[in-house]
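Novice: could you work out the structure for the sequence below:
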Amino acid sequence: MSDLEPDTVSALEAPGFAAAQFVRWFRDVAPYVHAFRGKTFVVAFGGELVQAGALNALVQDLSLLSSLGIKLVLVHGSRPQVNEQLRLKGYTQQFDRGMAPTDAAALECAKEAAGEIRLDIEAAFSQGLPNTPMSNARVRVISGNFVTAKPAGVFDGVDYQHFGLVRKVDVDALRFATERHSIVLLSPLGFSPTGDAFNLAMEELATSVAVALRAEKLIFLTETQGVMNDDGTVDTELARVDADAMLTAGSLDEDTAFFLRYASLAVKRGVARAHLVPFTLDGSVLLEIFTHDGVGTMVVEDTLDDLRPATLDDVGAILSLIEPLETDGTLVPRPRSVIERDVERFTVLEHDGVIYGCAALYPYPENQMAELACLIVHPEWQSTGEGDLLLRHMEARARALGVKRLFALTTRTSHWFVKRGFVQGGVTDLPPQKQSAINKSRNSHIFIKRLASG
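Specialist: This is a model prediction of the structure:
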């Protein structure tokens, strides 16, 4: 180390750092990076995030997403800042979520607040991000009149004056900007063809833009944790019909219900996934995007965990699951050619385009038996029931083939099979064809389960 270099060590040299853990993490993240490169995310956040001092951390994470090839459209709100402007000027009106009657004075306050926040955001992206993973990165942010608005009109006898709704989104202009690696920043204001300005709700604006762009994700950064289960944990994934049922039942708190309604609407209108993510958690956007369960609530048309037959396109992913277990001796080595030959025997577990589990079934119809092989769940997602899900599925497949007994050979997971109804057997209990093919040097334990009729 030279005299000019700081007296620091790299992360890999830090005490207690597990290099293998880092490598595993990086490999886990890579499929998501590949899946989302070139996709469009609409990220929406209210003025509450700015007020809480969370803007700089968010900008770092968004800059990182942009560098990974994700196209970003940001929609910011300014409700608390507008309310502060109104208070300072002596007006009694205060804006709440949703539609709000906006007179000329309130519109001027909305313009001032939106302009101030827009400049703060642009400044944050322009600072070079020193001492961050995006140090010295140059990030272009573009704002403009991408949204045509219309007056909300009169509802229940109330004239909403300068409060507006989205009439049209300039999709071509937005795509032109994002395809040239610029981040688009939209303020909660829209303009009519006659030049009038309208105050817009950030949530309605973000939803309309995400729908118009057919975005891969609409991400709301909120003060709420997301939809909570009865046990106090976050419900990380909701089918849209389930989200709508919760909204109809009225069982959610007001803030969560407000954002969930827009998330459900976005998915109904063609957005692939809509997320409610807490901005109070540092790095929540990255955790939501690049981890299996995320940290907030994701709404999809159908749940993303998909149990399906494997195809040739899945061979590489299956090999990546199998190879670590082959290396440590848990599984018998299977070359790629064998996986390709037997791929129709495999079932895979897929989440959000990432395969994280597999199993294979080898029937012996003349003996009414079948072998359960290669039952694997990625370490990151074990202990959450996926192994049982695979087992139940393979048992159902076996029963459909007329199989009466399912067997498995294992050297490391005997207790797992015993807990699920398997009993230990011997080589002579296996089909003759399998008996002759066993590698006796592995000294595998044999477990057999009688299958009840379907």
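Novice: how about the helices in the stretch 201-350 of the chain?
Specialist: Using DSSP state H, counting those that start in this stretch, the helices of the stretch 201-350 of the chain run over 202-213, 240-249, 254-268, 284-290, 315-327, 336-341.
Novice: alpha carbons of the fourth one, as PDB, please.
Specialist: Extracted as PDB, the C-alpha positions of helix 284-290 are listed here (Å, rounded to 0.1, in the frame of the first residue of the first chain):
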ATOM      1  CA  SER A 284     -35.800  -1.600   0.200                       C
ATOM      2  CA  VAL A 285     -36.100  -1.300  -3.600                       C
ATOM      3  CA  LEU A 286     -33.000  -3.500  -4.100                       C
ATOM      4  CA  LEU A 287     -34.200  -6.000  -1.600                       C
ATOM      5  CA  GLU A 288     -37.700  -6.100  -3.300                       C
ATOM      6  CA  ILE A 289     -36.300  -6.600  -6.800                       C
ATOM      7  CA  PHE A 290     -33.300  -8.900  -6.200                       C
END
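Novice: give me the domain ranges for the chain.
Specialist: Listed domain ranges for the chain are 29-305, 308-450 (source: automatic domain parsing).
Novice: now the helices of the stretch 201-350 of the chain in a markdown table, with mean neighbour count, distance to T347 and mean pLDDT?
Specialist: The way it works is simple: take the backbone N, C-alpha and C, and place the C-beta from them, glycine included. Converted to a markdown table, the helices of the stretch 201-350 of the chain look like this (neighbours: other C-beta atoms under 10 Å; distance: least, C-beta to C-beta, whole Å; pLDDT from 0 to 100):
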| stretch | mean neighbour count | distance to T347 | mean pLDDT |
| --- | --- | --- | --- |
| helix 202-213 | 25 | 33 | 96 |
| helix 240-249 | 15 | 25 | 93 |
| helix 254-268 | 21 | 27 | 94 |
| helix 284-290 | 21 | 25 | 93 |
| helix 315-327 | 15 | 10 | 92 |
| helix 336-341 | 13 | 13 | 95 |
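Novice: what's next to the helix or strand L391 falls within, contact-wise?
Specialist: For L391, the host element (DSSP states H and E) is helix 386-400. Here helix 386-400 makes contact (C-beta atoms under 8 Å, 6 or more residues apart in numbering) with 307, 347, 349, 356-359, 361, 363, 370, 372, 375, 377, 406, 416, 420, 449, 451, 453-454.
Novice: how close does the nearest residue to P151 once chain neighbours are set aside get to V147?
Specialist: Using C-beta to C-beta, 6 or more residues apart in numbering and skipping the chain neighbours, the partner closest in space to P151 is G164 (5.6 Å). Separation of G164 from V147 (C-beta to C-beta, to the nearest Å): 9 Å.
Novice: residues touching stretch 429-438, excluding its own?
Specialist: Identification of contacts with stretch 429-438 by C-beta under 8 Å, 6+ apart yields Y364, E366, N367, M369, E371, F407, L409, V427, T428, S444, I446, I448.
Novice: just give me how far it sits from the chain centre.
Specialist: The chain centroid and the centroid of stretch 429-438 are separated by 44 Å under C-alpha atoms, centre = their mean, to the nearest Å.
Novice: residues of that stretch that come out buried?
Specialist: Buried residues in stretch 429-438, counting neighbours by 16 or more other C-beta atoms under 10 Å, are found at L430, P431, K434.
Novice: between the two ends of that stretch, how far is it?
Specialist: Terminal residues of stretch 429-438 lie 13 Å apart, using C-alpha to C-alpha, to the nearest Å.
Novice: may I have the strand of greatest length in the chain as PDB, with CA atoms only?
Specialist: Using DSSP state E, we find that the single longest strand of the chain is strand 354-364. The C-alpha trace of strand 354-364 is given here as PDB (Å, rounded to 0.1, in the frame of the first residue of the first chain):
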ATOM      1  CA  VAL A 354     -35.800 -17.700 -11.800                       C
ATOM      2  CA  ILE A 355     -35.700 -21.500 -11.300                       C
ATOM      3  CA  TYR A 356     -35.000 -22.300  -7.700                       C
ATOM      4  CA  GLY A 357     -36.100 -26.000  -7.300                       C
ATOM      5  CA  CYS A 358     -36.400 -29.200  -9.300                       C
ATOM      6  CA  ALA A 359     -37.300 -32.900  -9.000                       C
ATOM      7  CA  ALA A 360     -37.400 -35.800 -11.400                       C
ATOM      8  CA  LEU A 361     -39.500 -39.000 -11.600                       C
ATOM      9  CA  TYR A 362     -38.300 -42.200 -13.100                       C
ATOM     10  CA  PRO A 363     -41.200 -44.700 -13.400                       C
ATOM     11  CA  TYR A 364     -40.800 -48.500 -13.400                       C
END
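Novice: strand partners of it, parallel vs antiparallel please.
Specialist: strand 346-351 (antiparallel), strand 369-377 (antiparallel) (DSSP bridges).
Novice: quick check, the residue nearest to P151 in a strand?
Specialist: Yes. Assessed by DSSP: H, G, I helix; E, B strand; the rest coil, G164 belongs to a strand.
Novice: state the distance from it to T148.
Specialist: 10 Å.
Novice: excluding its backbone neighbours, what's nearest the residue nearest to the spatial centre of the chain?
Specialist: Nearest to the mean C-alpha position of the chain, by C-alpha atoms, centre = their mean, lies I289 at 4.1 Å. Of all residues not flanking I289 in the chain, Y32 sits nearest, at 6.5 Å (C-beta to C-beta, 6+ apart).
Novice: what about that neighbour, which SS state?
Specialist: Three-state assignment for Y32 (three-state DSSP): helix.
Novice: contacts only, for it.
Specialist: Contacts for Y32 (C-beta under 8 Å, 6+ apart) come out as I289, F290, D352, V354.
Novice: so the first one makes contact with V33?
Specialist: This means I289. No. Here I289 does not reach V33: they are 9.5 Å apart, not a contact under C-beta atoms under 8 Å.
Novice: tell me the residues that contact both of those two, please.
Specialist: By C-beta under 8 Å, 6+ apart, no residue touches both I289 and V33.
Novice: pull the most distant pair out of the contacts of stretch 429-438.
Specialist: E366 and S444 (22.7 Å; C-beta to C-beta).
Novice: between those two, which has more neighbouring residues?
Specialist: With neighbours defined as other C-beta atoms under 10 Å, E366 and S444 compare such that S444 has more, 17 against 9.
Novice: since that was my last question, I'll sign off now.
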